[in-house]
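sequence and predicted structure are below.
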Amino acid sequence: VYHVSGEPTFSSYLNQRKALLSTDFENALVPGCRPTPVNFDNRAATLCYTLGGIDMPPRNISRRDLLKIGLLSLGAAGTLAFRSRLPQSDNLPIHGLGRVCWDWLPVRETPSLNAAQVGRRDRDQVIPLLERLESPDGPGYNPHWYRLVDGYLFSGYVQPVRVRYQVPARSVDEGGQIGEITVPYTNSLRFFKNTGWERLYRLYYKSTHWLTDVTTGPDGSPWYEITDDRHGQKYYVRATHVRLVQDRELEPISPQVQPEDKRIEVLIDQQILRAYEEERLVLETKIATGIPQVGKPANGIPTDTPYGAFRISRKMPVRHMGNGDLVADLNAYELPGVPWVSYFVSTGVAFHGAYWHDNFGRRMSHGCVNMTPADAKWLFRWTLPDSEPGAWYSEGSGTRVQVLA
């Protein structure tokens, strides 16, 4: 928890807020690394006092006044252009924060894909979301949009995020402990004796990682050592950005139900997953399955989700997907820390959480069944084989899966 020293004023709050954002997310204190300012939407930065990070908001400033101040960064023309968007009361709706998951996204004048573009947001910008609404103009599979200070943003490529700083642990379990990222993003680092600290992967909110040690980072504060589950390399992340997953969070759901009475249906045309205990529906949720590839895949594995009857055979709470290269390039096909993975096809098709989009209801993947991290975690706990705390993987003939048209 961070405190504003002395009498909290708007300027002291905003200065500290900017300092926290510029250092915490981008590891600006790393020797040999050029500090990169956090890609935060300053046009409404003042709204974030309601969303956590500092526990003493400025006094005597209404939310409407804060929004006006945030609009000043648009300039006089921008302030006049968007003044009509300001609510007339102080009951300003605040939905939360979002991170842009695509290279860039257009801000529309109205919540419609056909509306005029009035702005843009770039990759990994963290933006205040004033409201989440359902547009009559769709798209039908996902009609949800976010209202911003200067227009509307389609929700499909915006990850809902929060900023939750953690108290570092003094140690982690022998053999490793699962950690979950609790800030919009954080950069991991590798250490070399000759060259010092160098950046590696950017780790995103709700991704999971195997923590294998606690050490001192380049800024003198506690950092966790991550051991990559794919290539075994070690890298490091700020401990204040990671939550330790507790053993009770992995306890099986409905263990009293007989294994053969649990089953999963994946409906490709509807992009819906249903889970049943006997004939009782216990989960129904939107998903994103594989996009069929035109032509023969390079690796010979089709990219559409296969139809048929399967069983979950292997589960991993953490999985590095992609090429498995040691690169810091944000455009590389690297997805470290994919959470709550349940494999059901021998070619590697699995249910898992997705932190790189929020566009459920249409095909999006290379064959896997993308789910929200929360839904993927529920399914991970509900299905067989059981996963014990500290187990990097579990195997066995598990819950039945049927993939239908």
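Sure, I can see it.

right, and the helix or strand after the worst-scoring helix or strand of the chain on mean pLDDT?
Here the helix or strand of the chain ranked lowest by mean pLDDT, DSSP states H and E is helix 75-82, holding a mean of 34. Using DSSP states H and E, the helix or strand that follows helix 75-82 in sequence is strand 96-100.

mind listing what's buried along the next helix or strand along the chain from that following strand?
Next along the chain after strand 96-100, taking DSSP H and E as the criterion, comes strand 104-108. Neighbour counts over strand 104-108 (16 or more other CB atoms under 10 Å) mark Leu105, Pro106, Val107, Arg108 as buried. No exception for glycine: its C-beta is placed from N, CA and C like everyone else's.

I'd like the next helix or strand past strand 104-108.
Following strand 104-108 toward the C-terminus (DSSP H and E): strand 117-122.

okay, the angle between that following strand and strand 104-108?
Strand 117-122 runs at 150 degrees relative to strand 104-108, counting by axes from the mean of the first three to the mean of the last three CA atoms, to 10 degrees.

just the angle between strand 117-122 and strand 96-100, please?
Using the same axes, to 10 degrees: strand 117-122 against strand 96-100 is 80 degrees.

begin at 38 from now on, thanks
Noted, 38 is the first residue going forward, which turns the last one into strand 154-159.

direction included, what does strand 154-159 pair up with?
Next to strand 154-159 in the sheet, as set by DSSP bridges, lie strand 141-145 (antiparallel).

can you dump the C-alpha coordinates of the partner strand into CSV?
In CSV, the C-alpha atoms belonging to strand 141-145 read as follows (Å, rounded to 0.1, in the frame of the first residue of the first chain):
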residue,chain,number,x,y,z
TRP,A,141,-3.6,-0.4,-32.0
LEU,A,142,-7.3,0.0,-31.8
PRO,A,143,-9.6,2.8,-33.2
VAL,A,144,-11.7,4.9,-30.9
ARG,A,145,-15.1,5.3,-32.5
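
so what touches that strand?
With CB atoms under 8 Å, 6 or more residues apart in numbering as the contact definition, strand 141-145 has outside contacts at 152-160, 185, 187-191, 194-195.

mind doing that once more with 10 Å?
Strand 141-145 is contacted by residues 150-160, 162, 164, 172, 174, 182-183, 185-191, 193-195 when judged by CB atoms under 10 Å, 6 or more residues apart in numbering.

before we move on, what about stretch 332-346?
300, 303, 305, 324-331, 381-382, 384-386, 400, 402-406, 437-442.

now with 8 Å?
303, 305, 326-330, 382, 384-386, 400, 402-406, 437-442.

following the helix or strand that contains Tyr189, which helix or strand comes up?
Here Tyr189, judged by DSSP H and E, is contained in strand 188-191. As assigned by DSSP H and E, the chain's next helix or strand after strand 188-191 is strand 195-198.

may I have the secondary structure class of Ala413?
helix (DSSP: H, G, I helix; E, B strand; the rest coil).

surely it meets Phe388?
Yes. Under the contact definition of CB atoms under 8 Å, Ala413 touches Phe388, with a separation of 6.1 Å.

need the overlap of contacts for the two.
Contact with both Ala413 and Phe388 is made by residues Trp377, Val378, Ser379, according to CB under 8 Å, 6+ apart.

ranges for the strands of the stretch 188-337 of the chain?
Remark: strands assigned in the stretch 188-337 of the chain by DSSP state E, counting those that start in this stretch are 188-191, 195-198, 214-218, 222-229, 233-241, 245-253, 259-264, 271-275, 279-281, 299-304, 309-314, 317-323.

re earlier: show me which of the contacts of strand 141-145 are buried.
Buried among the contacts of strand 141-145 by 16+ other CB under 10 Å: 152, 155-156, 158, 162, 164, 172, 182-183, 185-191, 193-195.

okay, now Gln308: neighbour count?
Neighbours of Gln308 under the rule other CB atoms under 10 Å: 21.

cool, and Asp256?
Neighbour tally, Asp256, other CB under 10 Å: 15.

where does pLDDT dip in the stretch 88-237 of the chain?
Within the stretch 88-237 of the chain, the stretches with pLDDT under 70 are 88-130.
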